[in-house]
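Student: output the structure for:
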Amino acid sequence: MSIKRVREFLAPLGLDHLVMAFEVSSATVSMAAAAAGIPEAQIAKTLAFHGTENTTILVVCAGDTRIDNPKFKAAFGVKAKMLRAEEAQERTGHAVGGVCPFALGPGVRVYLDDSLKRFTTIYPSAGNDRSAIKLTPAQLEQATTGTWVDVCKLMDG
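Tutor: Numbering: from 1, shown residues only. You can find the predicted model right below:
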């Protein structure tokens, strides 16, 4: 159901035809990369956090990164505390494994980590655990009206 909402959300932008549906799960970075046939780093994972005053912060970042806690706190004024699975679904409208930065609930703010800018194309989820969409960073920014931030670091660094 959520993938249908995402397609409808992306249609006015002319991006709905870029949504890919997979026969296999894309619920994790490694599964999504295998399903799409790309390196894990190009998966644009969407992480959901508690914001201030009952808001939700979504950070979309490269698959080979993780949140840098001091950078996160400096950027958002709160500690990085991820939503529980049921909270993520309730607030974003998407279940864990398919959380994406499209067709979101109220009070959800989208941030795009600079780690995505090193790629020509990136692959965020498209609303369920068997989907993705191939976009440029500029298309992702356009579709989400997200704000660019620097809150991640490479997993090995």
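Student: pass me the low-pLDDT residue ranges in this protein, would you?
Tutor: Within the chain, the stretches with pLDDT under 70 are 1, 157.
Student: hey, where'd the helices end up in it?
Tutor: Using DSSP state H, the helices of the chain run over 2-10, 29-36, 69-76, 85-92, 137-144.
Student: with mean neighbour count and distance to L112 added, can I get the ones you listed in TSV?
Tutor: In this view, the C-beta of every residue, glycine as well, is placed from N, C-alpha and C. Shown next, in TSV, are those (neighbours: other C-beta atoms under 10 Å; distance: least, C-beta to C-beta, whole Å):
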stretch	mean neighbour count	distance to L112
helix 2-10	20	16
helix 29-36	18	17
helix 69-76	16	12
helix 85-92	17	16
helix 137-144	18	6
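Student: so which of those helices is nearest G98?
Tutor: Closest to G98 of the helices of the chain is helix 2-10 (C-beta to C-beta; 5.9 Å).
Student: centre-most residue in the chain?
Tutor: For the chain, T46 is the residue whose C-alpha lies nearest the centre (C-alpha atoms, centre = their mean; 2.6 Å).
Student: which residues touch that residue?
Tutor: By C-beta atoms under 8 Å, 6 or more residues apart in numbering, the residues touching T46 are L58, V59, V60, V99, C100, P101, P124, S125.
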